[in-house]
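Student: With the sequence up front, the predicted model follows.
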There are 2 protein chains.
Amino acid sequence: MKLYCATSNPGKLREFRLAAGAGWELVPLTGVPPCEETGETFEENARQKAEYYSRHSDGLLFAEDSGLAVDALGGAPGVRSARFAGDGASDAENNRLLIERVRGVEDRTARYVAVIAVAEAGKTLGTFRGEVKGVIIDDARGSNGFGYDPHFFYPPFGCTFAEASPEQKVQVSHRGRAVAAMVDWLKRT
Amino acid sequence: MKLYCATSNPGKLREFRLAAGAGWELVPLTGVPPCEETGETFEENARQKAEYYSRHSDGLLFAEDSGLAVDALGGAPGVRSARFAGDGASDAENNRLLIERVRGVEDRTARYVAVIAVAEAGKTLGTFRGEVKGVIIDDARGSNGFGYDPHFFYPPFGCTFAEASPEQKVQVSHRGRAVAAMVDWLKRT
């Protein structure tokens, strides 16, 4: 089944495809001016993006919003995860700021959250949330994944998401779980 | 200053001495029949031991009760930490059971707790609590420490307590913190 996907992030697209598995043709939507992300929650941003981009595609489209919520930082960086250190910040800059903020903090619990919205012709048909719990460590470990993965230690694996293989990560990750919920819903509808 | 210490655990005694530092002569009490530990809390057990053993010593004595409380296991093994896999169980047997119990569990948050009671002539004079937060990992790592240390991953260090040096561990450990609180109190009284 063909499904448009609103993302310009190659790391996300790779994970979407890995999570959805065979049988789903995920087509990135190109050539559309970017959508603003003004929401206060992952849900709002995912819906905003899905509704906007689905007006520029001719079938079902999904958009995702995701980020890291660190308990000791009151849920930050949250919806600002990609631009924590400022608009256009690199992963390295965002990670540096994160580790500065948790310095001296003992409670390192955090969650990665992903919300996917599926829309058609400007209308959201469903939203799907995935979460995964971990802890933040100071030293970057591993080179897989992207974003905060080198600092996101997942206790059941005993390693960071950047040390896990992409196939391992997607089994438990926020994104993998949100995609699984979406695929499950699409099969039933 | 001389202080009697009621423990037969060489690992604990080493950590008590390291945490107390120079100026404190910690003397293990020997030749006294062991005390029952029937309390439901670390506090009860620490007081029970301190009061019992202080009747067999001629000055200030402290006793400690400590253990691991895993959130997903409702605080187990808790006061049963040393005998989780049965009376006389080894560290390896207790650790094996712990890892069995957390299999498939994503929330791996746990706390190490230590409570020290200081007593004289059968009367408790003060109790001091130390806690430290970590997460449980499946694979044993490191050979320092004892008890559940190889599976107790401390995020600010990015390693398990068994991988940390004894000097590092005692700076943040439940036992180190409880001893620091006791020493602080002894200096003031």
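Tutor: Yep, that arrived. Numbers count the residues shown, from 1 in each chain, chains lettered A, B, ... in the order given.

Student: Up against chain B, what does chain A have?
Tutor: Neighbours of chain B within chain A, by C-beta under 8 Å from any C-beta of the partner chain: A:105-109, A:132-133, A:135-139, A:141, A:153, A:155-156, A:158, A:172. For every residue, glycine as well, the C-beta is placed using N, CA and C.

Student: Just the buried residues out of these, in ChimeraX syntax.
Tutor: Selection of buried members from these for ChimeraX, criterion 16 or more other C-beta atoms under 10 Å in any protein chain shown:
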select /A:107,108,109,132,133,135,136,137,141,153,155,156,158,172
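
Student: Out of the residues of chain A next to chain B, which sit inside strands?
Tutor: A:109, A:132-133, A:135-136, A:153 (DSSP state E).

Student: wait, which of those is closest to B:Ala181?
Tutor: A:Thr109 (24.7 Å; C-beta to C-beta).

Student: Contacts only, for A:Leu61.
Tutor: A:3-6, A:29, A:50, A:53-54, A:118-120 (C-beta atoms under 8 Å, 6 or more residues apart in numbering or on different chains).

Student: Redo the residues you listed as TSV? Include pLDDT, distance to A:Asn94 and secondary structure.
Tutor: What follows is the contacts of A:Leu61, written out as TSV (pLDDT from 0 to 100; distance: C-beta to C-beta, whole Å; DSSP: H, G, I helix; E, B strand; the rest coil):
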residue	pLDDT	distance to A:Asn94	secondary structure
A:Leu3	95	29	strand
A:Tyr4	96	28	strand
A:Cys5	96	23	strand
A:Ala6	93	22	strand
A:Leu29	93	25	coil
A:Ala50	97	24	helix
A:Tyr53	97	24	helix
A:Ser54	97	29	helix
A:Val118	98	28	strand
A:Ala119	98	28	strand
A:Glu120	97	33	strand
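
Student: top of those residues by neighbour count?
Tutor: Highest neighbour count within those, by other C-beta atoms under 10 Å in any protein chain shown: A:Ala50, with 31 neighbours.

Student: so who does the residue positioned nearest the centre of chain A touch?
Tutor: Geometric centre of chain A, nearest residue: A:Ser66, 3.5 Å, by C-alpha atoms, centre = their mean. Applying C-beta under 8 Å, 6+ apart to A:Ser66 gives the contacts A:12, A:42, A:81, A:112-115, A:174-175, A:178.

Student: Can you tell me which of those is nearest B:Ala22?
Tutor: A:Tyr112 (46.1 Å).

Student: any idea what the closest one is structurally, helix, strand or coil?
Tutor: Recorded secondary structure, A:Tyr112: strand (DSSP: H, G, I helix; E, B strand; the rest coil).

Student: Please verify my assumption that it contacts A:Gly67.
Tutor: Yes. Under the criterion of C-beta atoms under 8 Å, A:Tyr112 makes contact with A:Gly67 at 7.5 Å.

Student: Grab the nearest non-local neighbour of A:Tyr4.
Tutor: A:Leu61 (3.8 Å; C-beta to C-beta, 6 or more residues apart in numbering or on different chains).

Student: A:Gly122 and chain B, how far apart?
Tutor: 37 Å (C-beta to the nearest C-beta, to the nearest Å).

Student: So which residues of chain A form helices?
Tutor: Secondary structure of chain A (DSSP state H): helices located at A:10-20, A:42-54, A:91-102, A:166-172, A:174-188.

Student: With distance to B:Gly145 added, can I get those helices in TSV?
Tutor: Supplementary listing: those in TSV, determined by distance: least, C-beta to C-beta, whole Å:
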stretch	distance to B:Gly145
helix A:10-20	38
helix A:42-54	40
helix A:91-102	24
helix A:166-172	29
helix A:174-188	33
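
Student: I'd like to know which of these is closest to B:Gly74.
Tutor: Across the helices of chain A, closest to B:Gly74 is helix A:166-172 (C-beta to C-beta), at 23.3 Å.
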